[in-house]
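**Student:** take this sequence and fold it.
(one chain, ligands or ions: 1)
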Amino acid sequence: MRKKIIAGNWKMNKTPSETVTLIDELKPLVATDEADVVFCVPAVSLTTAIEAAKGSNIQIGAQNMYYEESGAYTGEVAPGMLTDIGVKYVIVGHSERREYFAETDVTVNKKVLKAFEHGITPIICCGESLTQREQGVTIDFIRQQIKIAFLNVTPEQAKTAVIAYEPIWAIGTGKVATAGQAQEVCKAIRDCIAEIYGDAAAVAIRIQYGGSVTADSAAELFSQPDIDGGLVGGASLKPDFGRIVNYK
Ligand code: 13P
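**Tutor:** Numbering: from 1, shown residues only. All right, here's what the predicted structure looks like:
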């Protein structure tokens, strides 16, 4: 039985001092043994967040990371910097990074490999645009994203990865995918992992849904057989996140 993983993606919100306030407020609301709870905060707040979350079930993740060890990469954050302060997860290939910061399937793959090399669990994002959905190419497109993201990833590593299926048209729009739509794609992703790595990896890997998840939609989405939790944007910055984590 896969343990659910419910992560908040704070995006570019909250200063370090606001981070402490929000974590203190959410700590009692997200306390549970039933799911892994991860807060992915801005890089500048990672250390503060780790400190603020001490003694709770909240784990802290980054929203991005570079794929080189160190060097002349102005503005970037190296994997070793993340592990040094105790970061356990990193979001890789979010559609906002693909759209605004030239992230590609190839750089996503490099980051995924680097994260594993450092023992950081990547939360690998994929998702189609509205045009792709309307043209009926969603599954083909997602399969391509997954296959490239997992190039040279070993079966043992793949088992521990997290994939976030986030249809672009559902992100920040209030237009949540139906449970049926989300389940269909999450199942296709699991089937794709099974084709590459076999059934053991497909059964173990955790697949989240993301895109306008709220306290009202979480229960139906997270009860689907192939949906193992969520990657939550806007609603992760509010007390509502407690209801999402304790969705049952
Ligand atoms: P929203 O929940 O705000 O739609 O954002 C989803 C998302 O992009 C999480 O990574």
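
**Student:** for the chain, what's the longest helix?
**Tutor:** Under DSSP state H, the helix in the chain containing the largest number of residues is helix 179-197.

**Student:** direction included, what does the strand or helix carrying residue 124 pair up with?
**Tutor:** Remark: residue 124 resides in strand 121-126, with elements defined by DSSP states H and E. Here strand 121-126 is paired, per DSSP bridges, with strand 89-92 (parallel), strand 162-165 (parallel).

**Student:** give me whichever of those strands is most buried.
**Tutor:** Greatest average neighbour count among the strands paired with strand 121-126 goes to strand 162-165 (a mean of 28), per mean count of other Cβ atoms under 10 Å. C-beta: built from backbone N, CA, C; applies to glycine.

**Student:** and that strand, how far out from the chain middle?
**Tutor:** For strand 162-165, the distance between its averaged C-alpha position and the chain's averaged C-alpha position is 6 Å (Cα atoms, centre = their mean, to the nearest Å).

**Student:** is any residue of it near the ligand?
**Tutor:** No: residues of strand 162-165 contacting the ligand under Cβ under 6 Å from any ligand atom: none, with a closest distance of 6.6 Å.

**Student:** then stretch 37-57?
**Tutor:** No: Stretch 37-57 lies apart from the ligand when judged by Cβ under 6 Å from any ligand atom; the minimum separation is 8.0 Å.

**Student:** measure that stretch end to end?
**Tutor:** 7 Å (Cα to Cα, to the nearest Å).

**Student:** what does stretch 53-61 give?
**Tutor:** One end of stretch 53-61 sits 12 Å from the other (Cα to Cα).

**Student:** please begin residue numbering at 27 from this point
**Tutor:** Let's use 27 as the start, then, which means that last one is stretch 79-87.

**Student:** pLDDT on it, on average?
**Tutor:** Per-residue pLDDT over stretch 79-87 has a mean of 98.

**Student:** who touches that stretch?
**Tutor:** 33, 49, 52-53, 56-59, 62-67, 72, 75-76, 112-117, 149 (Cβ atoms under 8 Å, 6 or more residues apart in numbering).

**Student:** in the chain, what residue is nearest the ligand?
**Tutor:** Scanning the chain for proximity to the ligand using Cβ to the nearest ligand atom identifies residue 259 as nearest, at 2.3 Å.

**Student:** now for that residue, how many residues are close by?
**Tutor:** Here the neighbour count serves as a burial measure; for residue 259 (other Cβ atoms under 10 Å) it reads 22.

**Student:** list phi and psi for it.
**Tutor:** Residue 259 has phi and psi values of phi -90, psi -100 when expressed as degrees, to the nearest 10.

**Student:** so it makes contact with residue 39?
**Tutor:** No: between residue 259 and residue 39 there is no contact under Cβ atoms under 8 Å: 9.1 Å.

**Student:** mind listing the shared neighbours of these two?
**Tutor:** Shared contacts of residue 259 and residue 39, defined by Cβ under 8 Å, 6+ apart, are not found at any residue.
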